[in-house]
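Participant: Prediction below, plus the sequence it came from.
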Amino acid sequence: MDKDLEVLRKFSAEELKVLVELMEKKLSYDLPDNAGIYPTNHVEEIADEFCKFGGNTIANILRGGEGVSYREVLTDVCKDLKVPFNVNNSIEHIERNLLETVLESAWENMSEEDKQQLLVELGYKGKMPKGGIWGLFALQIGKSAGFTTYQVALIIANFVAKQVTGTGLALATNAALTTVLKGALQILGPVLWAWTLVDIASPSKKVTIPGCIYIAALRQVKEIDEQ
């Protein structure tokens with residue numbers, strides 16, 4: 001199992017099932033039939049299957065059925081989405097760049113009305129801050145920067161989950177936080193999904209792009225949960 005996907009062991013059955021369904025809807029290789037029913041029993045198979053989507057089918061065969069590394073999958077996604085990154089950076093750093101680019105691009109494609117409504121949903125009711133969404137985060141919306149990051153990571157993870165499964169994730173146990181996240185997701189989600197899949201014709205990229213975004217967002221959630 002790729003060491004950079006060890007984080008999948010921290011995912012709940014519900015969270016892993018999103019990846020299973022994402023891959024089953026496209027080209028599937030060796031994923032066990034019951035992986036969607038008992039995903040926590042098949043973490044290694046799920047990780048290996050995801051990496052196979054990052055490699056050419058013939059090349060995978062020549063590698064003995066193995067895919068490429070998660071780092072290669074992630075950096076290829078970043079190239080497709082024009083995400084700035086340094087190949088020597090940590091996986092976490094590259095993933096953060098990916099999430100920031102996705103969010104920033106979605107923000108730029110939102111109407112002014114939706115932008116203002118999103119700020120309200122996230123708890124900010126003042127004038128539009130300079131620097132757009134990142135100016136807002138600099139103000140921390142009256143909360144800690146960590147909490148803001150947590151909100152955004154949950155929103156991004158859930159928008160992928162909802163597009164894949166139709167229902168999304170159980171966002172949070174806190175009722176007030178859940179309400180905020182659902183409101184923000186309703187505004188931001190459609191723009192995020194439309195942008196991340198624009199002009200992507202390859203079936204494998206329709207797995208690796210949302211898959212990497214999903215893994216990146218949930219890695220941040222898990223890191224903050226552990227603090």
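Facilitator: Received the coordinates, thanks.
Participant: Within the helices and strands, which one has Glu92?
Facilitator: helix 91-108 (DSSP states H and E).
Participant: now the strands for the chain?
Facilitator: For the chain, strands defined by DSSP state E do not occur.
Participant: rewinding a little: I'd like the average pLDDT over the helix holding Glu92.
Facilitator: Mean pLDDT, helix 91-108: 85.
Participant: Which strands and helices lie in contact with that helix?
Facilitator: helix 70-80, helix 132-139, helix 145-165, helix 175-196, helix 205-226 (3 or more C-beta pairs under 8 Å, 6 or more residues apart in numbering; DSSP states H and E). (Glycine included, C-beta is placed from N, CA and C.)
Participant: Report the mean per-residue pLDDT for the last one.
Facilitator: Right, the one you point to is helix 205-226. 89.
Participant: Show me where this protein dips below the pLDDT cut-off.
Facilitator: Along the chain, the model assigns pLDDT under 70 to residues 27-30, 55-65, 121-149, 171-201.
Participant: Report how many residues lie close to the closest residue to Pro39 other than its chain neighbours.
Facilitator: With sequence-adjacent residues excluded and distances taken as C-beta to C-beta, 6 or more residues apart in numbering, Pro39 is closest to Leu16, at 3.6 Å. By the criterion of other C-beta atoms under 10 Å, Leu16 has 23 neighbours.
Participant: Quick one: residues contacting Leu16.
Facilitator: 8, 39-40, 43, 46 (C-beta atoms under 8 Å, 6 or more residues apart in numbering).
Participant: between those, which is closest to Tyr214?
Facilitator: Leu8 (10.8 Å; C-beta to C-beta).
Participant: any idea how far Asn88 is from that closest one?
Facilitator: 24 Å (C-beta to C-beta, to the nearest Å).
Participant: For stretch 204-214, list the C-alpha coordinates in CSV.
Facilitator: C-alpha atoms of stretch 204-214 as CSV (Å, rounded to 0.1, in the frame of the first residue of the first chain):
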residue,chain,number,x,y,z
SER,A,204,-9.5,7.8,-15.5
LYS,A,205,-9.1,11.6,-14.9
LYS,A,206,-12.8,11.6,-13.8
VAL,A,207,-11.7,9.4,-11.0
THR,A,208,-8.3,10.8,-10.1
ILE,A,209,-9.3,14.5,-10.1
PRO,A,210,-12.3,14.4,-7.7
GLY,A,211,-10.5,11.5,-5.9
CYS,A,212,-7.4,13.5,-5.1
ILE,A,213,-9.5,16.5,-4.1
TYR,A,214,-11.5,14.3,-1.8
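Participant: got the contact list for that stretch?
Facilitator: Contacts of stretch 204-214 (C-beta under 8 Å, 6+ apart): 18-19, 22-23, 26-27, 50, 53-54, 73-74, 76-77, 80-81, 95, 98-99, 102, 156-157, 160-161, 163-164, 193, 196-197, 200.
Participant: What's the local residue count around the residue nearest to Thr101 when sequence neighbours are not counted?
Facilitator: Counting by C-beta to C-beta, 6+ apart, Val83 is the residue found nearest to Thr101 once chain neighbours are left out, at 4.4 Å. By other C-beta under 10 Å, the residues close to Val83 number 19.
Participant: residues touching Val83, list them.
Facilitator: Val83 neighbours (C-beta under 8 Å, 6+ apart): 77, 94, 97-98, 101.
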